[in-house]
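Peer 1: Compute the structure for the input listed below.
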Amino acid sequence: MHPLETYLQELRAVRSSGAAVKETSYYPALSNLLNEIGKTLKPKVKCIIHLQDTGAGIPDGGLFTEEQTRNDTSDLLAGAIPARGAVEAKGTVADAWRVAESKQVKDYWSRYRQVLVTNYRDFLLVGADAEGNRAVLETYRLARDEHEFWQKAAHPRAAADQQGESFEGFLKRVMLYQASLATPRDLAWFLASYAREAKFRIEAGELPALAGIRAAMEEALGLKFEGARGDHFFRSALIQTLFYGIFSAWVLWAKDHPPTDRKSRFEWGMAARYLRVPILRKLFHEVAEPGQLESMDLPEVLDWAGAALNRVDRASFFANFEEGHAVQYFYEPFLEAFDPELRKDLGVWYTPVEVVKYMVARVDAELRNTLGVTDGLADPNVFILDPCCGTGAYLVEVLRKIAETLRENGGDALAGHDLKEAALERVFGFEILPAPFVVAHLQLGLLLQSLGAPLSEARHERARVFLTNALTGWEPVKHPKQLMFREMEEEREAADHVKRDTPILVILGNPPYNSFAGIANMDEERGLSEAYRTTKAAPAPQGQGLNDLYVRFFRMADRRIVEKTGKGIVSFISNYSWLDGLSFTGMRERYLEVFDHIWIDCLNGDKYKTGKLTPEGKPDPSIFSTEFNREGIQVGTAITLLARTSPSAAPVQSSSGICGARTNGTAYWRMRWARAPPSTRRCDRPSPSGCRSRQPR
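Peer 2: Residues are numbered from 1 along each chain as shown. All right, here's what the predicted structure looks like:
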């Protein structure tokens with residue numbers, strides 16, 4: 001049962017007894033509510049009713065952290081004042097705003113610096129504003145008046161379904177408001193909580209003011225937001241864009257205002273100035289336009305978010321905020337707290353940095369060894385694309401690898417210039433979701449700044465990450481539809497230029513595994529897997545596996561490298577079902593025909609085939625397991641590297657070999673197909689017995 005449902009039930013039971021007094025009889029229900037919410041926090045927060053008089057009178061209650069008490073409420077440390085503030089409650093007929101202005105509350109605030117004022121239906125957090133003066137910081141209203149409140153109390157489950165998540169978020173913020181904001185994870189939770197409140201406020205009504213941007217996004221990205229789930233996705237995407245835009249702007253603002261600058265204050269309204277990419281500025285402007293915000297009742301929530309950013313201990317925060325891994329320290333916990341179900345539906349998983357580094361290093365090595373490109377990724381003729389770049393992890397690592405090679409080549413004097421040239425002309429990313437698109441630009445901008453190659457705002461320089469659908473637009477359209485916003489037209493034209501005119505040599509990344517149920521794709525995208533539905537010698541495909549979204553990304557990369565550039569490398573980490581599934585016979589046959597080398601790193605972790613266990617019965621979790629998601633994804637995964645050495649390469653004869661090895665208790669296999677004569681094929685990892693074993697002819 002949700003704490004709000006329990007709270008309303010208890011209040012109604014007390015009132016129905018006919019024996020209650022208007023204020024104190026309801027204290028237990030309020031205390032139970034606050035304790036139920038407080039026990040979910042770290043450290044836990046406990047409400048204690050009727051405090052000692054420590055010089056400002058006797059508050060109705062106080063909010064204490066776990067370390068302030070030893071074993072029970074009677075063992076309160078002598079002289080302790082509530083670390084998370086006092087509580088002042090009046091009867092349901094009282095005006096909570098007038099109570100907040102009373103001398104009694106002013107005295108409590110002078111002593112405790114934070115007071116939660118309530119009439120059991122309205123909740124006001126009284127604290128200190130930016131100048132240290134007493135102010136109402138946040139409010140929450142369960143009902144407009146006393147009559148409506150008791151009507152809701154008569155139907156507690158319905159009230160909890162409607163307001164429970166939002167109300168719980170408010171009370172958690174109250175109990176955490178005086179806690180230090182020094183780590184990215186703490187800040188991510190606060191901003192996610194405000195984002196949930198913003199989403200709650202816009203979910204109830206229509207958004208006619210945003211119909212234009214919705215239509216423009218659908219047209220530009222080649223998709224449709226369909227039904228209730230599509231509508232939920234669209235609204236969620238808007239809120240994420242708004243909050244990530246504000247966060248990104250704050251990070252860049254903080255670069256200009258060191259922690260010693262205590263007088264400057266960040267205002268969320270200045271965010272557009274720091275979002276240098278035109279499409280980002282336009283998206284943010286359209287969502288944050290004052291008239292639209294007022295209609296959605298959002299300015300108040302954004303003010304709260306801005307206040308939270310100004311409470312951050314910037315010195316401690318940025319000491320913990322590794323700019324190259326902003327996702328790990330902020331994006332992942334934000335999304336987990338904001339909308340975990342949507343995160344799961346979208347398949348948005350943080351790719352472990354070890355995987356990213358490994359894949360980029362392998363690509364760099366095979367460019368040198370297999371394609372004969374001496375400087376690997378640093379070669380000025382190597383064009384790289386991550387078609388599903390998310391928050392930019394692979395692009396960050398590619399630029400790091402390029403910078404490393406430039407240093408090794410002794411080009412310190414020109415390294416910054418060459419690195420920026422690579423970022424502006426050779427390293428590309430496509431992303432379809434606006435929120436990670438914002439974070440990708442933040443990460444890449446910070447990385448280039450840290451490597452001595454900052455982007456110039458005066459010259460309108462930007463990372464070559466584009467908001468686009470990577471699975472459409474590769475072929476010219478006779479009469480492209482004109483988009484509503486000039487910035488979207490420019491974004492589409494720039495992305496299309498990369499798709500149609502750039503000789504991409506490397507495609508790498510972590511494609512999404514499943515389509516989101518609320519998004520309908522265009523025919524061009526759905527038709528990508530048709531090339532894998534027929535075979536020449538292999539059995540015909542069976543089942544529906546080719547409908548998986550990751551297969552379309554493989555086909556897009558296959559077509560780009562084989563049919564356009566004529567040579568190059570594809571490296572994806574993906575669902576490994578294509579390695580042996582009956583649906584993928586045509587896909588496997590195609591790759592054996594058109595690629596000269598195929599390497600597979602099978603990472604196992606499959607709930608359905610192995611139960612996430614090694615043959616010895618030891619745990620074998622997904623490589624995507626993180627502290628925010630211990631279970632990881634449910635399907636097994638594999639890293640695939642495909643290489644084609646020249647446009648005229650002869651088809652590869654179908655042959656394969658498998659050898660097994662174990663690494664840290666995790667099942668690990670590598671399969672390799674190569675054009676070398678069968679007698680010379682050797683496995684490049686030890687067999688379980690430790691010997692080198694020949695692959696079968």
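Peer 1: List the residues that contact R84.
Peer 2: 45, 63-65, 114, 174-179 (C-beta atoms under 8 Å, 6 or more residues apart in numbering). C-beta: built from backbone N, CA, C; applies to glycine.
Peer 1: How is the chain divided into domains?
Peer 2: Domain segmentation of the chain under automatic domain parsing yields 1-177, 353-654.
Peer 1: end-to-end on the first one?
Peer 2: Taking C-alpha to C-alpha, to the nearest Å, the span from the opening residue of domain 1-177 to its closing residue is 26 Å.
Peer 1: tell me how far it is from the chain's mean position?
Peer 2: 33 Å (C-alpha atoms, centre = their mean, to the nearest Å).
Peer 1: residues of stretch 535-548 that come out buried?
Peer 2: Going by neighbour count (16 or more other C-beta atoms under 10 Å), the buried part of stretch 535-548 is 538, 541, 545-546, 548.
Peer 1: In CSV, list the C-alpha atoms belonging to that stretch.
Peer 2: Output in CSV follows, covering the C-alpha atoms of stretch 535-548 (Å, rounded to 0.1, in the frame of the first residue of the first chain):
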residue,chain,number,x,y,z
THR,A,535,19.6,-17.3,-48.7
LYS,A,536,21.6,-19.0,-51.4
ALA,A,537,23.0,-22.2,-49.8
ALA,A,538,21.9,-21.8,-46.2
PRO,A,539,18.5,-22.9,-44.9
ALA,A,540,15.8,-20.3,-45.2
PRO,A,541,15.3,-18.1,-42.1
GLN,A,542,12.6,-19.1,-39.7
GLY,A,543,10.8,-17.1,-37.0
GLN,A,544,10.7,-13.4,-36.2
GLY,A,545,14.2,-12.6,-35.1
LEU,A,546,15.0,-10.4,-38.0
ASN,A,547,12.4,-7.9,-36.7
ASP,A,548,14.7,-7.0,-33.8
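Peer 1: So which residues make contact with that stretch?
Peer 2: Here stretch 535-548 has contacts from 513-514, 529, 532-534, 551, 575, 577-578, 581-589, 654, using C-beta under 8 Å, 6+ apart.
Peer 1: thinking again about what came up before, can you say which of the domains of the chain is nearest to R185?
Peer 2: domain 353-654 (9.1 Å; C-beta to C-beta).
Peer 1: how close does the nearest residue in space to V301 that is not next to it in sequence get to C47?
Peer 2: Excluding its sequence neighbours, the residue lying closest to V301 (C-beta to C-beta, 6 or more residues apart in numbering) is A198, at 4.8 Å. Remark: distance between A198 and C47 (C-beta to C-beta, to the nearest Å) = 27 Å.
Peer 1: hmm, back to that, is the residue nearest to V301 within a helix or a strand, and which one?
Peer 2: helix 184-203 (DSSP states H and E).
Peer 1: what does the average pLDDT come to for that helix?
Peer 2: Computed over helix 184-203, the mean pLDDT rounds to 88.
Peer 1: hmm, who's touching the next helix or strand after that helix?
Peer 2: Counting by DSSP H and E, the element after helix 184-203 in chain order, helix or strand, is helix 211-221. Helix 211-221 has contacts (C-beta under 8 Å, 6+ apart) with 207, 224-225, 234, 238, 283, 286-287, 432, 434, 467-469, 481, 483-485, 488, 491-492.
Peer 1: Can you list the helices and strands that the helix or strand following helix 211-221 packs against?
Peer 2: Sequence-wise, the next helix or strand downstream of helix 211-221 (DSSP H and E) is strand 223-225. Packing partners of strand 223-225 (3 or more C-beta pairs under 8 Å, 6 or more residues apart in numbering; DSSP states H and E): helix 211-221, helix 227-256, strand 519-521.
Peer 1: Need the ones you listed in TSV (columns: mean pLDDT, distance to I639 and mean neighbour count).
Peer 2: Formatted as TSV, the helices and strands packed on strand 223-225 follow (pLDDT from 0 to 100; distance: least, C-beta to C-beta, whole Å; neighbours: other C-beta atoms under 10 Å):
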stretch	mean pLDDT	distance to I639	mean neighbour count
helix 211-221	80	28	18
helix 227-256	86	29	21
strand 519-521	62	26	19
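Peer 1: Present these as CSV; the columns should include distance to P82.
Peer 2: Output for these, formatted as CSV (distance: least, C-beta to C-beta, whole Å):
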stretch, distance to P82
helix 211-221, 45
helix 227-256, 30
strand 519-521, 48
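Peer 1: Compare the ones you listed and report which one is nearest to N381.
Peer 2: helix 211-221 (30.7 Å).
Peer 1: from the chain's centre, how far out does that closest one sit?
Peer 2: That offset, for helix 211-221, works out to 22 Å (C-alpha atoms, centre = their mean).
Peer 1: same deal with stretch 398-406?
Peer 2: With C-alpha atoms, centre = their mean, you get 26 Å for stretch 398-406.
Peer 1: that older thread, farthest-apart pair in the contacts of R84, please.
Peer 2: F64 and Y177 (14.5 Å).
Peer 1: Between those two, tell me which one has more neighbours.
Peer 2: Counted by other C-beta atoms under 10 Å, F64 and Y177 do not tie: F64 has more neighbours, with 25 against 21.
Peer 1: For L444, find the nearest of the helices and strands packed on strand 223-225.
Peer 2: helix 227-256 (11.4 Å).
Peer 1: Below-threshold pLDDT in the protein: ranges please.
Peer 2: 70-79, 204-209, 290-293, 295-296, 323-328, 342-349, 411-413, 514-522, 625-632, 649-697 (pLDDT under 70).
Peer 1: Touching, S622 and G605? I think so.
Peer 2: Yes. Using C-beta atoms under 8 Å, S622 makes contact with G605 at a distance of 3.8 Å.
Peer 1: And A308, how far from A135?
Peer 2: 15 Å.
Peer 1: Same check on V355?
Peer 2: From V355 to A135 the distance is 47 Å (C-beta to C-beta).
Peer 1: Between those two, which is the more surrounded one?
Peer 2: The neighbour count for V355 versus A135, taken as other C-beta under 10 Å, is higher for V355 (19 against 15).
Peer 1: Please identify the helix or strand for that one.
Peer 2: Taking DSSP H and E as the definition, V355 sits inside helix 353-369.
Peer 1: Distance from the helix or strand that comes right after that helix to the middle of the chain?
Peer 2: Next helix or strand after helix 353-369 toward the C-terminus (DSSP H and E): strand 384-386. Its chain's C-alpha centre and that of strand 384-386 lie 20 Å apart, by C-alpha atoms, centre = their mean.
Peer 1: How about residues contacting strand 384-386?
Peer 2: 377, 392, 394-395, 398, 426-430, 498, 504-509, 560.
Peer 1: number of nearby residues for E36?
Peer 2: Residues lying near E36 (other C-beta under 10 Å) number 18.
Peer 1: From the contact counts, what lies against the helix or strand harbouring it?
Peer 2: Here E36 sits within helix 27-38, counting by DSSP H and E. Judged by 3+ C-beta pairs under 8 Å, 6+ apart, the packing partners of helix 27-38 are helix 3-16, strand 45-49, strand 61-65, strand 86-89, helix 156-176.
Peer 1: For it, list the C-alpha coordinates in CSV.
Peer 2: The C-alpha coordinates for helix 27-38 follow below in CSV (Å, rounded to 0.1, in the frame of the first residue of the first chain):
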residue,chain,number,x,y,z
TYR,A,27,-0.3,13.7,14.7
PRO,A,28,0.2,9.9,14.5
ALA,A,29,-1.0,9.6,10.9
LEU,A,30,1.4,12.5,9.9
SER,A,31,4.2,10.9,11.9
ASN,A,32,3.6,7.5,10.3
LEU,A,33,3.6,9.1,6.8
LEU,A,34,6.9,10.9,7.4
ASN,A,35,8.6,7.8,8.9
GLU,A,36,7.4,5.6,6.1
ILE,A,37,9.0,8.0,3.6
GLY,A,38,12.0,8.7,5.7
